[in-house]
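Asks: this one's structure only:
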């Protein structure tokens, strides 16, 4: 494993946000959802997430997720993804979302 300096970690904007909408991303190459995530003062940001194995689109609104907010926007099919919604792959490669066990204010930075 490569080590980094604490100052490198501080450069990454890891924040909590609440999913406000989720819909099937028909244009994506792999099964995915188009998400809109409320990041508080940062606003509502778009993301694409390949999380269809464990999550139904209708169950996602209201769920808080941990996001990387300072990657450059990335074109994915016909949307510009503005944040990376994080998660962990299981032994089958399916993603379990990274979240908190208690609700915190949207936009709060991981510290």
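Replies: Cool, the structure landed. Bear in mind the structure is a predicted one, so any value in this text is a computation, not a measurement.
Asks: got the contact list for the longest strand out of those in the chain?
Replies: In the chain, with assignment by DSSP state E, the single longest strand is strand 14-24. Strand 14-24 has contacts (CB atoms under 8 Å, 6 or more residues apart in numbering) with 33-40, 42, 44-45, 52, 55, 57-58, 60-69, 83, 86, 100, 104-110. In this view, the C-beta of every residue, glycine as well, is placed from N, C-alpha and C.
Asks: any idea how far residue 2 is from the spatially most central residue of the chain?
Replies: By CA atoms, centre = their mean, the mean C-alpha position of the chain lies nearest to residue 85, the distance being 1.3 Å. Using CB to CB, to the nearest Å, residue 85 is found at 24 Å from residue 2.
Asks: one step back: I'd assumed residue 50 was in contact with the residue nearest to the centre of the chain.
Replies: No. In this structure, residue 85 is not within contact of residue 50 by CB atoms under 8 Å, at 9.8 Å.
Asks: Please report the separation between the first and final residues of stretch 32-48.
Replies: 7 Å (CA to CA, to the nearest Å).
Asks: swap in stretch 2-15?
Replies: Stretch 2-15 has its terminal residues 23 Å apart, counting by CA to CA.
Asks: Pull the distance from that stretch to the chain's centre.
Replies: Computed by CA atoms, centre = their mean, to the nearest Å, the chain-centroid distance of stretch 2-15 equals 18 Å.
Asks: what do you get for stretch 55-70?
Replies: Put simply, stretch 55-70 sits 6 Å off its chain's centre (CA atoms, centre = their mean).
Asks: And it, what's buried?
Replies: Buried residues in stretch 55-70, defined by neighbour count with 16 or more other CB atoms under 10 Å: 55, 57, 60, 64, 65, 66, 67, 69.
Asks: for stretch 83-103, same thing?
Replies: Using 16+ other CB under 10 Å as the test for burial, stretch 83-103 gives 83, 84, 85, 87, 95, 97.
Asks: Report pLDDT for the closest residue to the last one other than its chain neighbours.
Replies: Take residue 97 and drop its neighbours on the chain: the residue closest to it by CB to CB, 6 or more residues apart in numbering is residue 87, 4.5 Å away. Confidence per residue is given as pLDDT, and for residue 87 that number is 98.
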